[in-house]
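A.B. asks: got a sequence here, can you model it:
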Amino acid sequence: MASQSPGKALLSAQDVSKHFGAQAVLAGVSLTIHENDRIGLIGRNGSGKSTLLRILAGSMKPDAGFTTRAQGLRVALLDQHCTLRLEQTVAVALEAATATQRDLVRQWRDLHDRLAGAHGDCRETEELRGECETLQHRIDALHAWNLDVEIKRIADALRLPLLRQTLNTLSGGELRRVDLAAKLLEHPDVLLLDEPTNHIDTDSVAWIERFLETYEGACILVTHDRYFLDRVTNRIVELSNSAVYSYPGNYERFLEYKANLEEVQARTEANRQALIKRELAWYRRMPKARGTKAKARIDRLRETMELGPPPPDKRFAFAIPEPERLGKDILEARLLTHGYEGRVLFKHFSLLMQKGMRVGIVGPNGCGKSTLLRVLMGREAPQAGEVLIGQSTRFLYVDQTLADMDPELTVLDFVSEGRRHVDVGKQRIHVPSYLESFLFDKSCVEMPVGRLSGGERRRVDLAKKLLRGGNFLVLDEPTNDLDLYTLRVLEETVECFGGCALIVSHDRYLLNRLCTHMLVFEADGNVVQIAGNFNDYMLYCDRKRTSEKQARQAAQRRKPAGAPTPPKPRPGLSYHEKRELETMEDVIRAAEMQLNAIQEQVSAPDFYEQPYTHTQAVLQALEAARAEVEGLYERWQYLEGKRS
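C.D. replies: Next comes the predicted model:
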């Protein structure tokens, strides 16, 4: 995204510090958010990113320093922990998020009614008209005229659960998406988003990118999605060693800045060492210096030596113990079909894994990706088909759930039950040294896990799971809560791994870098296999859309010659459009009832026991009904916008 000149300052933190126990997370940090800012906040796990967002939002008080905000500023924070009331339904939560906009519309209507009834007093009329225009501008900026349409649009884009469901019945991922939708619907002046792409599929992430690109407020976000940072941000702010460093441009530009900075630091350090070497040689040659100039030179030498080199970045690498090499037969799936309660997740699926294959798995949330992993590992029996696992195949499974962590346990106790050495295959591993490779030094090894940040907990959980060893990696959403530095190391580790890998992820950059093949979940339980990475999958999607478009055009050309052509659009609503808009809500309600009726048929336990031709006809009707409802909402939004 192109960099813009900074607008008015909206929100700032000045010299804020925050401690948790004896640990200083933030120390004298300052940051200002301007009108046009799209800030990507990055830093290692535990560097204080989430803490800084909470301080900016006002939900956490700093130990020192203060925050300032423009008068009347509206701020919304998507925290890593959901703040919605769990006893309410999805619909109530989304409606509550639009309370400010609904109140403005009510005020405007009251003023409009007063203006219509005003008689005689010209000054009062002008004042009412001015207030109406001011409110109208605010309502326009908040897209508040068609809130019900906006709720439906965002709910569909983020694939939210049914609006009638209560929040305490939702999974963690579903709850996260509802929370994100609520924050976007608020349309605040400043959006603070902490890991907005976690538990979001790739299509929804692309929609969020488009939403933020045209968003009229400011935004600061924490995310590990590098494509997201590249396309949305115009400024990168790095938290490092309790200090803040700001870089103009997106993430790619930031990497260029960092590379140049490290080059300059290396050159500066080389010059410093050369200067020290020359001055020490002079000092040793000279007799005891008594003159003023000589003393000044000696003082400069001391200052140069005391300056010291720049603090080195801590480097680490994941260690995956491999018990033995893969054999010739690794893994084969033959015509697998599986599902739950009458719903087919995948059908007639076959796969032959060969050495060096790293297979990425993508699809909408809830489509069955994690279930497929469990079936392929033999942890769950398929309804039909068979899985053949090689004798030497040892799965190393890293799932997306954090293991239960007793907050009182130390890092060492959690990872290895207090043992200093662990045997994996023929290897004997010294656990404290193993943990140091994960950036847990000697002092951290004895730290209670309850004092770790969310990202650090994810890293220690990863260390525990990888310690089991294996020659076939199975990674289910491994990137959640990991910082960008850890993520790069994980990618390098998988890239150098000698075995095979199955990887479920929404991280497009990771899929592009690592995968040799892709499995794509589509409608009706079909899983498409593609040779290549995520970019190759996108090319497949483009070709598929082009083919469907050509088929529609061909069908259009086959229409009778006398078929009427649609009229050219005119400004404002025509008579027929006004009549259409008046009945649109009833038409949508009827279409949704038809869609729900078909969904109930598909959800019936015995649906797939019926003849194949019948089930396919119903599934095609279901897709057609969904497309009709989506088209009606788009048409409603178009007509409302044209009327406004």
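A.B. asks: what bridges to Ala531?
C.D. replies: His517 (DSSP bridges).
A.B. asks: just checking, it touches His517?
C.D. replies: Yes. Using C-beta atoms under 8 Å, Ala531 is in contact with His517, at 5.7 Å. Every residue, glycine included, has its C-beta placed from N, CA and C.
A.B. asks: report the buried residues of the helix or strand encompassing Val178.
C.D. replies: Counting by DSSP states H and E, the element that carries Val178 is helix 172-186. Residues 173-186 are the ones in helix 172-186 that count as buried (16 or more other C-beta atoms under 10 Å).
A.B. asks: quick one: those residues as JSON lines, columns for distance to Leu193 and pLDDT too.
C.D. replies: Shown next, in JSON lines, are these (distance: C-beta to C-beta, whole Å; pLDDT from 0 to 100):
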{"residue": "Gly173", "distance to Leu193": "16", "pLDDT": "78"}
{"residue": "Glu174", "distance to Leu193": "18", "pLDDT": "84"}
{"residue": "Leu175", "distance to Leu193": "16", "pLDDT": "89"}
{"residue": "Arg176", "distance to Leu193": "11", "pLDDT": "88"}
{"residue": "Arg177", "distance to Leu193": "13", "pLDDT": "89"}
{"residue": "Val178", "distance to Leu193": "15", "pLDDT": "93"}
{"residue": "Asp179", "distance to Leu193": "10", "pLDDT": "93"}
{"residue": "Leu180", "distance to Leu193": "8", "pLDDT": "93"}
{"residue": "Ala181", "distance to Leu193": "12", "pLDDT": "93"}
{"residue": "Ala182", "distance to Leu193": "12", "pLDDT": "94"}
{"residue": "Lys183", "distance to Leu193": "7", "pLDDT": "94"}
{"residue": "Leu184", "distance to Leu193": "9", "pLDDT": "93"}
{"residue": "Leu185", "distance to Leu193": "14", "pLDDT": "92"}
{"residue": "Glu186", "distance to Leu193": "12", "pLDDT": "91"}
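A.B. asks: what's stretch 151-169 in contact with?
C.D. replies: Stretch 151-169 is touched from outside by 82, 84-91, 93-95, 98, 170, 174-175, 177-178, 180-181, 184-185, 200-201, 204, 207-208, 211, 364-365, 630, 633, 637, with contacts defined as C-beta atoms under 8 Å, 6 or more residues apart in numbering.
A.B. asks: the very next helix or strand once past the helix holding Val178 vs helix 172-186, what angle?
C.D. replies: Counting by DSSP H and E, the next helix or strand C-terminal to helix 172-186 is strand 190-194. Interaxial angle of strand 190-194 relative to helix 172-186 (axes from the mean of the first three to the mean of the last three C-alpha atoms, to 10 degrees): 170 degrees.
A.B. asks: quick one: mean pLDDT over the following helix or strand past strand 190-194.
C.D. replies: The helix or strand immediately downstream of strand 190-194 is helix 202-213, counting by DSSP H and E. For helix 202-213, mean pLDDT is 86.
A.B. asks: now helix 202-213: buried residues?
C.D. replies: Thr202, Ser204, Val205, Ala206, Trp207, Ile208, Glu209, Leu212.
A.B. asks: name the SS class of the spatially closest residue to Val16 that is not a sequence neighbour, please.
C.D. replies: Leaving aside its chain neighbours, Val16 sits nearest to Gly65 (3.5 Å; criterion: C-beta to C-beta, 6 or more residues apart in numbering). Taken by DSSP: H, G, I helix; E, B strand; the rest coil, the conformation at Gly65 corresponds to strand.
A.B. asks: so Gly65 is in contact with Asp15, correct?
C.D. replies: Yes. Between Gly65 and Asp15 there is a contact at 4.1 Å, judged by C-beta under 8 Å.
A.B. asks: which one's more surrounded, the two?
C.D. replies: Gly65 (17 against 13; other C-beta atoms under 10 Å).
A.B. asks: contacts only, for the more buried one.
C.D. replies: Contacts of Gly65 (C-beta under 8 Å, 6+ apart): Ala13, Gln14, Asp15, Val16, Ser17, Gly28, Val29, Ser30.
A.B. asks: any idea how far it is from Ala13?
C.D. replies: Distance of Gly65 to Ala13, given as C-beta to C-beta, to the nearest Å: 7 Å.
A.B. asks: with Glu35 instead?
C.D. replies: 17 Å.
A.B. asks: Cys500 too?
C.D. replies: Counting by C-beta to C-beta - Cys500 and Ala13 are separated by 47 Å.
A.B. asks: surely Asp79 is in contact with Arg54?
C.D. replies: Yes. Counting by C-beta under 8 Å, Arg54 is a contact partner of Asp79 at 7.1 Å.
A.B. asks: more neighbours, those two?
C.D. replies: Between Asp79 and Arg54, Arg54 has the larger neighbour count (other C-beta under 10 Å), namely 20 against 17.
A.B. asks: mind listing what the more buried one touches?
C.D. replies: Met60, Leu77, Asp79.
A.B. asks: from the residues you listed, which land in strands?
C.D. replies: The members of the contacts of Arg54 that map onto strands under DSSP state E are Leu77.
A.B. asks: may I see the buried residues of the host helix or strand of Tyr434?
C.D. replies: Under the criterion of DSSP H and E, Tyr434 resides in helix 431-436. For helix 431-436, burial by neighbour count (16+ other C-beta under 10 Å) applies to Val431, Pro432, Tyr434, Leu435, Glu436.
A.B. asks: between the residues you listed, which is nearest Leu326?
C.D. replies: Tyr434 (23.2 Å; C-beta to C-beta).
A.B. asks: was I right about that closest one contacting Ala463?
C.D. replies: Yes. Between Tyr434 and Ala463 there is a contact under C-beta under 8 Å: 7.3 Å.
A.B. asks: and the residue most central in space within the chain, its phi and psi?
C.D. replies: By C-alpha atoms, centre = their mean, the chain has its centre lying nearest to Thr197, at 1.3 Å. Main-chain dihedrals, Thr197, degrees, to the nearest 10: phi -90, psi 0.
A.B. asks: what score does it have for pLDDT?
C.D. replies: 86.
A.B. asks: which residues touch the residue lying closest to it once chain neighbours are set aside?
C.D. replies: The shortest distance from Thr197 to any non-neighbouring residue, by C-beta to C-beta, 6+ apart, is to Asp225 (4.6 Å). With contact taken as C-beta under 8 Å, 6+ apart, Asp225 is in contact with Thr197, Val205, Asp507, Arg508, Tyr509.
A.B. asks: worst-scoring helix or strand of this protein, pLDDT-wise?
C.D. replies: helix 292-307 (a mean of 68; mean pLDDT, DSSP states H and E).
A.B. asks: need the residues that contact the helix or strand that it is followed by.
C.D. replies: Sequence order places strand 331-340 as the next helix or strand after helix 292-307, per DSSP H and E. Strand 331-340 is contacted from outside by 344-353, 368, 371-372, 375-376, 380, 382-390, 393, 472, 500, 525, 608, using C-beta under 8 Å, 6+ apart.
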